[in-house]
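Engineer: Predicted model and sequence below, questions to follow.
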Amino acid sequence: MDKARIEMLHDLEEKLDYRFTDINLLNLAFFHSSYGNENKSYKDISNERLEFLGDAVLDLIVSDFLYNSKSSLKEGAMTKIRSQMVCEKSFSNMAKYLELGKYLMMGHGEFISGGSEKPSVLADTFEAVFGAIYLDSGYESAFKIVENKFKSLFIAEIETKSSFIDYKTMLQENNQKNSRDKLKYKIVKEEGPDHDKKFYVDVYEGNLVIGSGFGSSKKHAEQDAARNALIKLRVINE
């Protein structure tokens, strides 16, 4: 690795506030498979294995944040939120924040097609970097970097996504696992003028009312009814 490349990677270390013991691991995190396809001496070198490892590390970090920041969420809800956070869009945004695209080593064809700016490539690279950090010094170091650089973003994401949980889908999944009776939603009352109407909904499992709710629209009322049903069934906490 030449001096210019090392200096470039030191620049990223400053952004991460982390110094690698083995900087070759960080360098490897930026080798896109297309680079080896066009450079025979690098044909067996790519960041894909680090990407695989980093995906698992970041999955655990997000799980850690979820578990410790939202004690009211049960397993099903946490799984749904985690799947929305451990994703291409989330990781590519974090990669852009760190400007990871400029460190990438990729084939000419991939580069001229805008590969260094593709969300999928950036997300994979972000995962590979955290795979490298994990191999360099373990989970605690990776967690601390996320905590220092992205904690506020992660917490905001958790708050936003936990505020918009699809309770109807959660209730449907619970119903399919535990009951033979189908769910149905019934509007039991509407009140107020057209510009400020309120809807009241009951949700039935077979012929039994398992939850009631209200809202400014039918959809909101159904979500509220589903949420109250899930609380009643002890699937989620109030």
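Structural biologist: Alright, I've got the coordinates. Numbering: from 1, shown residues only.
Engineer: Phi, psi for the residue of the chain most remote from its centre please.
Structural biologist: Ranked by distance from the centre of the chain (Cα atoms, centre = their mean), the top residue is Pro193, with 40.7 Å. For Pro193, the backbone dihedrals are phi -70, psi 170 (criterion: degrees, to the nearest 10).
Engineer: for Glu14, same thing?
Structural biologist: Torsion angles, degrees, to the nearest 10, at Glu14: phi -60, psi -40.
Engineer: That one and Thr79: what is the separation?
Structural biologist: To Thr79, Glu14 is 36 Å away according to Cβ to Cβ, to the nearest Å. In short, each C-beta sits where N, CA and C put it, glycine included.
Engineer: Of the two, give the one with the bigger neighbour count.
Structural biologist: Taking neighbours as other Cβ atoms under 10 Å, Glu14 and Thr79 compare with Thr79 leading, 13 against 10.
Engineer: Read off the pLDDT value for the residue nearest the centre of the chain.
Structural biologist: Centroid-nearest residue in the chain: Met85, 1.2 Å away (criterion: Cα atoms, centre = their mean). Looking at Met85, its pLDDT is 83.
Engineer: What distance do you get for it to Gly192?
Structural biologist: For Met85, the distance to Gly192 - Cβ to Cβ - is 37 Å.
Engineer: same deal with Val86?
Structural biologist: If you go by Cβ to Cβ, the gap between Val86 and Gly192 works out to 42 Å.
Engineer: again, but for Arg227
Structural biologist: 22 Å.
Engineer: picking that back up, return the residues in contact with the residue farthest from the centre of the chain.
Structural biologist: Under the criterion of Cβ atoms under 8 Å, 6 or more residues apart in numbering, Pro193 has no neighbours.
Engineer: try Leu98
Structural biologist: If you count contacts by Cβ under 8 Å, 6+ apart, then Leu98 has Leu12, Lys15, Leu16, Phe126, Val129 around it.
Engineer: Where do the helices of this protein begin and end?
Structural biologist: Assigned by DSSP state H, the chain shows helices spanning 3-16, 23-28, 33-38, 48-69, 75-85, 88-97, 108-112, 119-137, 139-163, 167-178, 218-232.
Engineer: What about the residue nearest to Gly213 when sequence neighbours are not counted, how many residues nearby?
Structural biologist: Distance criterion Cβ to Cβ, 6 or more residues apart in numbering; nearest residue to Gly213, sequence neighbours excluded, is Asp224 at 2.9 Å. Neighbour count for Asp224, taken as other Cβ under 10 Å: 20.
Engineer: Kindly report the same for Glu48.
Structural biologist: 15.
Engineer: if we can go back for a sec, quickly name whichever of the contacts of Leu98 is closest to Val203.
Structural biologist: Taking Cβ to Cβ as the measure, Val203 lies nearest Phe126 of these, at 40.5 Å.
Engineer: Near that closest one, how many other residues are there?
Structural biologist: The tally of other residues near Phe126 (other Cβ under 10 Å) stands at 26.
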